[in-house]
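K.L.:
Quick one, fold the following:
(chains A and B)
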Amino acid sequence: MSISLLLHPLSPHIPPASSPSASAAGNHHRRILSLAETCSDMSQLKQLHAFTLRTTYPDEPATLFLYGKILQLSSSFSNVNYAFRVFDSIENHSSFMWNTLIRACAHDVSRKEEAFLLYRKMLERGESAPDKHTFPFVLKACAYIFGLSEGKQVHCQVVKHGFSGDVYVNNGLIHFYGSCGCLDLARKVFDEMPERSLVSWNSMIDALVRVGEYDSALQLFRKMQRSFEPDGYTMQSVLSACAGLGSLSLGTWSHAFLLRNCDVDVAMDVLIMNSLIDMYCKCGSLRMAGQVFQGMQKRDLASWNAMILGFATHGRAEEALDCFDRMVKEGKNVKPNSVTFVALLIACNHRGLVNKGRQYFDTMVRDYGIEPALEHYGCIIDLVARAGYITEAIDMVMSMPMKPDAVIWRSLLDACSKKGASVELSEEIARNIIGTKEDSQSSNGNCSGAYVLLSRVYASASRWNDVGIVRKLMSDHGIRKEPGCSSIEINGISHEFFAGDTSHPQTKQIYQQLKVIDDRLRSIGYLPDRSQAPLVDATNDGSKEYSLRLHSERLAIAFGLISLPPQTPIRIFKNLRVCSDCHEVTKLISKVFNTEIIVRDRVRFHHFKDGSCSCLDYW
DNA sequence: CTAGGGTTAG
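P.N.:
Residues are numbered from 1 along each chain as shown, chains lettered A, B, ... in the order given. Below you'll find the predicted structure:
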């Protein structure tokens, strides 16, 4: 029955001029309240609101209670404006009303700041004190806007008002500190809270994963299981820890654990599946990622994006592009977004597909109306420049609506040194970044960046004197080049390697094995495109490229030192950008050695979150 | 007398 019909018999009722008896008012309010429970949209709520205005006395506590309910309902229908109007029409607000409005803002993407302002106003007005419901909402808003100082103020208020023992409040604090990257503060709250719930553990694990403390996250996960059954949220963090570690064995274990132990609810299913796809891709098993993807009854945008990106980062451009076509064709209610195009551009970039890349860049703008962001520009500029179209790349840099970052300048500089652009042009480009904070912040404290590239430019022009000057500058500024690092997981054990590293106890055998691989590759007519230097050339004087580009150390281990039966999957991790030839080389090697090879690209493209940088930070 | 906590790719 619709609410208007329900209201109709009540409509003629006009409250008597004098205050009604308490019990009569009680009944009337109770009736409205039970009507409120049946409201299912704004228009019904508006009727109810009108009726309330007409038939109740505004100052009665029971009426205020009703307005609270109306506020709550309008924000549950996502009509925050209406909630504000109701709120403003009332003189004295209960803490419930403040809380409800703060919550409504905290949940509204465009009103996060307002949530904190409202909270401040609540304190200023002092008509009702914040309670245990207030803080979790405010903290959520602070977390969202990364308002560390705001959140800290809230934390003080929490203590001051005596809520530092409340689980919900503490969970809010953990989540807040976690999302601001303040791990130690999150940990302190977690350690000191008197009572923990599943959410407390989940929030803490998530905080660890966010800052890349994957090992600690998994440790905490194990500890947690003494008191709680993990749920879908837990497993998502665990999966992303496995992804971060690149540990396929742990990831597979988590997958099995998930199927065995977790009662994952249907709404979360897609999210979990997406995490699984992401994990398998980052751990190098595109096969398993594809299997999960195929098995999904429902796929959302993130599912498609994860899959496309997986193909892209593994240099499997054709499959990435096919996957995109499939998405457009069969993905119901799924529209490509800017992440999709980052993935497509990465796919083109890794295989040097210049025309396709340009085409997608145009399609994105023209057909999908997506404004290219910095990372799209980064991708396309790198692609075009590495293909030798340096002028075109520079034109693009000039036409960008935003300021190019150091990554983009380095792409150009790298291309210049490889494609024999003039030293003057290279110097011009290097001037944009050399010595800047942005450049020195590149790649996890790896400070080489532009200096390294510039010295390479001089080296290729045989201007050894200038090479020396740059070297001197570097050492004067305390800049050291850091070697690239890679690792391989064999039978659950992770082996880590650095470029030019000779500390491995079996170094000699490793390099012997490299020589074997090199010879084989040469015998079938393959030469790596980056230089004519043999793979085994791993001298450390910086004048030559490292062999690391083919991750040959790992191959050596896998093929030479540890005897593996044929068909044993070998997973190769690397921190280097995938060379455009990587896929081909991998295919060749796997043919030569009759083994499946899975390359995992640990590169986080460009400048996101962990601040790592993808490319060009090696000699 | 109301209610509340934790996710999304680069």
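
K.L.:
residues from the stretch 201-350 of chain A in reach of DNA strand B?
P.N.:
Residues of the stretch 201-350 of chain A found near DNA strand B (Cβ under 7 Å from any atom of the strand) are A:202-203, A:206, A:231-234, A:236, A:267-268, A:271, A:274, A:278, A:282, A:300-302, A:305-306, A:309, A:337-339, A:342-343, A:346. All C-beta spots, glycine's among them, are computed from the backbone N, C-alpha and C.

K.L.:
Tell me the buried residues within these.
P.N.:
Among these, those classed as buried by 16 or more other Cβ atoms under 10 Å are A:202-203, A:206, A:231-234, A:236, A:268, A:271, A:274, A:278, A:282, A:300-302, A:305-306, A:309, A:338-339, A:342-343, A:346.

K.L.:
just so I have it, where are all the strands in chain A?
P.N.:
Ranges of strands in chain A, per DSSP state E, are A:485-490, A:493-498, A:570-574, A:597-601.

K.L.:
Extract the residue ranges of the stretch 451-600 of chain A that are flagged as low pLDDT.
P.N.:
A:480-600 (pLDDT under 70).

K.L.:
ok, so what distance separates the closest residue to DNA strand B within the stretch 251-400 of chain A from A:N432?
P.N.:
Taking Cβ to the nearest atom of the strand as the measure, the stretch 251-400 of chain A has A:A302 as its residue closest to DNA strand B, at 2.8 Å. Computed as Cβ to Cβ, to the nearest Å, the A:A302 to A:N432 distance reads 35 Å.

K.L.:
and what of A:S95?
P.N.:
54 Å.

K.L.:
In terms of neighbours, single out the busier of these two.
P.N.:
Ranked by neighbour count (other Cβ atoms under 10 Å), A:S95 and A:N432 place A:N432 first, with 20 against 17.

K.L.:
so that one touches A:W409, yeah?
P.N.:
Yes. Counting by Cβ atoms under 8 Å, A:W409 is a contact partner of A:N432 at 4.9 Å.

K.L.:
for chain A, what helix or strand is lowest in average pLDDT?
P.N.:
When each helix and strand of chain A is scored by mean pLDDT, DSSP states H and E, strand A:570-574 comes last, with a mean of 40.

K.L.:
show me what contacts A:K46?
P.N.:
Counting by Cβ atoms under 8 Å, 6 or more residues apart in numbering, A:K46 makes contact with nothing.

K.L.:
for A:I429, same thing?
P.N.:
Per Cβ under 8 Å, 6+ apart, neighbours of A:I429: A:W409, A:L412, A:L413, A:C416.

K.L.:
count of residues packed around the second one?
P.N.:
Counted with other Cβ under 10 Å, the burial measure for A:L412 works out to 29 neighbours.

K.L.:
Would you confirm that it contacts A:I381?
P.N.:
Yes. Between A:L412 and A:I381 there is a contact at 7.0 Å, judged by Cβ under 8 Å.

K.L.:
Quick check: neighbours shared by those two?
P.N.:
Residues touching both A:L412 and A:I381 by Cβ under 8 Å, 6+ apart: A:A393, A:V397.

K.L.:
which ones are touching the closest residue to A:N349 other than its chain neighbours?
P.N.:
Excluding its sequence neighbours, the residue lying closest to A:N349 (Cβ to Cβ, 6 or more residues apart in numbering) is A:L383, at 4.5 Å. With contacts defined as Cβ under 8 Å, 6+ apart, A:L383 is in contact with A:L345, A:C348, A:N349, A:G352, A:L353, A:V354, A:G357.

K.L.:
ok, now with 6 Å
P.N.:
Taking Cβ atoms under 6 Å, 6 or more residues apart in numbering, we find A:L383 in contact with A:C348, A:N349, A:V354, A:G357.

K.L.:
Quick check: it vs A:L117, distance?
P.N.:
For A:L383 relative to A:L117 (Cβ to Cβ), the value is 44 Å.

K.L.:
One more: A:L259?
P.N.:
Note on A:L259: its distance to A:L117, by Cβ to Cβ, is 46 Å.

K.L.:
which of those two has more neighbours?
P.N.:
A:L117 (14 against 9).

K.L.:
re the thing from before, mind putting the contacts of A:I429 in JSON lines, distance to A:I390 and pLDDT included?
P.N.:
JSON lines is the format used below for those (distance: Cβ to Cβ, whole Å; pLDDT from 0 to 100):
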{"residue": "A:W409", "distance to A:I390": "13", "pLDDT": "88"}
{"residue": "A:L412", "distance to A:I390": "7", "pLDDT": "88"}
{"residue": "A:L413", "distance to A:I390": "10", "pLDDT": "86"}
{"residue": "A:C416", "distance to A:I390": "6", "pLDDT": "84"}
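
K.L.:
Can I have the buried ones of those as a ChimeraX selection?
P.N.:
Selection of the buried residues among those in ChimeraX, burial being defined by 16+ other Cβ under 10 Å:
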select /A:409,412,413,416
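
K.L.:
Show me the two of the contacts of A:I429 that sit farthest apart.
P.N.:
Within the contacts of A:I429, A:W409 and A:C416 form the most distant pair, 10.4 Å apart (Cβ to Cβ).

K.L.:
Below-threshold pLDDT in chain A: ranges please.
P.N.:
A:1-25, A:263, A:265-268, A:435-448, A:480-619.

K.L.:
Domain map for it?
P.N.:
Chain A is divided into the following domains under automatic domain parsing: A:412-476, A:485-601.

K.L.:
Compare the contacts of A:L383 and tell me which has the most neighbours.
P.N.:
Counting neighbours by other Cβ under 10 Å, A:N349 leads those with 30 neighbours.

K.L.:
dump the residue contacts of it.
P.N.:
A:C379, A:D382, A:L383.

K.L.:
Now, these that are in helices?
P.N.:
A:C379, A:D382, A:L383 (DSSP state H).

K.L.:
Just send the residues you listed back as TSV, with distance to DNA strand B too.
P.N.:
Shown next, in TSV, are the ones in helices among the contacts of A:N349 (distance: Cβ to the nearest atom of the strand, whole Å):
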residue	distance to DNA strand B
A:C379	9
A:D382	12
A:L383	14
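
K.L.:
can I get those residues in JSON lines with distance to A:E318?
P.N.:
As requested, the ones in helices among the contacts of A:N349 are arranged in JSON lines below (distance: Cβ to Cβ, whole Å):
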{"residue": "A:C379", "distance to A:E318": "18"}
{"residue": "A:D382", "distance to A:E318": "20"}
{"residue": "A:L383", "distance to A:E318": "16"}
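
K.L.:
Nearest to A:S462 among those?
P.N.:
Comparing the ones in helices among the contacts of A:N349 against A:S462 with Cβ to Cβ places A:D382 closest, at 26.3 Å.

K.L.:
A:S411 is in contact with that closest one, correct?
P.N.:
Yes. Between A:D382 and A:S411 there is a contact under Cβ atoms under 6 Å: 4.0 Å.

K.L.:
ok, A:A421 - contacts?
P.N.:
A:I390.

K.L.:
quick one: it from DNA strand B, how far?
P.N.:
27 Å (Cβ to the nearest atom of the strand, to the nearest Å).
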